[in-house]
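J.: 3D model of this:
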Amino acid sequence: RFCLFGQRRAQVRITANVECHLARLCSPSGESGCLGCQFVRRLAITMSHARGLVLERFRWIGGHADVWQVFRDPEALAAVVRGLAGPFREDGVTAVCGIESRGFLLGAAAAVELGVGFAAVRKGEGIFPGKKVTRCSDPDYRGTRQELRLQRMAVGPEDRVLLVDDWIETGSQASAVRSMVEECGGQWAGCSVIVDQTAPARRADLGVRSIVTAAELPTWDGQS
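T.: So this is what the prediction gives:
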């Protein structure tokens, strides 16, 4: 990803599913101690902490975005995983999908945080036993199409599946994963990412929740 981003915007993303839980769980009087309000407060704290650590450790290297230093720091990694899982913690997720390769790391960690299993989505021709559902994604930000594969037995009609990844831009791969999940009979819960760079319509369509937006990242100085 290249440096095309504007100024930072200070905000904590309160998600649509949080609002739904707030509406269901808060009492008619709107008491501050209700379960829904407590959930929103905890989520806001979780997301704010994760956001600060991501922005602190994010780097540009040769004009390319680098989030690997987030993974190297144990506090940042733990906070990011909680931030990825948080908006969907009360959403009935039964499985987390992750796309090779960073999606494997983040998706598996988020699955453990949510207390559910992990379903891998592989690229290319690596060994992946059993019957599979496959999709060729639309072109990504580099114009590249990816062949994605999901084991058919990994998702069933009883599943509500969350996709977790580090970055979403065009949403081409997420859309392909949703199509595979739905072919297997599963229900799409949404997509949780560290950095969101999608257009508003795409974001709403895929149910994207993020820790930061691309516009919040520091601008590349043209040298690092």
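J.: Identify the residue nearest the most centrally placed residue in the chain in space, chain neighbours excluded?
T.: In the chain, the residue lying closest to the centroid (Cα atoms, centre = their mean) is residue 192, at 1.9 Å. In space, and not counting its chain neighbours, residue 192 is closest to residue 84: 4.6 Å by Cβ to Cβ, 6 or more residues apart in numbering. Glycine gets a C-beta too; all of them are placed from N, C-alpha and C.
J.: Would you report the backbone torsion angles of that neighbour?
T.: Backbone torsions of residue 84, given as degrees, to the nearest 10, read phi -70, psi -40.
J.: Quick one, grab the pLDDT at it.
T.: Residue 84 carries a pLDDT value of 98.
J.: ditto for the one 10 residues further on
T.: pLDDT, residue 94: 98.
J.: ok, the residue nearest to residue 192 to residue 114 distance?
T.: Relative to residue 114, residue 84 is positioned 9 Å away (criterion: Cβ to Cβ, to the nearest Å).
J.: Just want to know which of the two has more residues nearby.
T.: Neighbour count, other Cβ atoms under 10 Å: between residue 84 and residue 114, residue 84 has more, with 29 against 22.
J.: Enumerate every residue touching the more buried one.
T.: Listed by Cβ atoms under 8 Å, 6 or more residues apart in numbering, the contact set of residue 84 reads 106, 109-110, 113, 164, 192-194, 211.
J.: repeat for residue 193
T.: Residues near residue 193 by Cβ under 8 Å, 6+ apart: 84, 164-168, 208-211.
J.: Can you add distance to residue 186 and give the residues you listed back as a markdown table?
T.: Converted to a markdown table, the contacts of residue 193 look like this (distance: Cβ to Cβ, whole Å):
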| residue | distance to residue 186 |
| --- | --- |
| 84 | 19 |
| 164 | 15 |
| 165 | 17 |
| 166 | 22 |
| 167 | 23 |
| 168 | 19 |
| 208 | 18 |
| 209 | 19 |
| 210 | 22 |
| 211 | 25 |
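J.: Give the ChimeraX command for selecting the buried subset of these.
T.: In ChimeraX, this line selects whichever of the contacts of residue 193 come out buried by 16 or more other Cβ atoms under 10 Å:
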select :84,164,165,166,167,168,208,209,210,211
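J.: quick one: secondary structure of residue 96?
T.: On the three-state scheme (DSSP: H, G, I helix; E, B strand; the rest coil), residue 96 is labelled strand.
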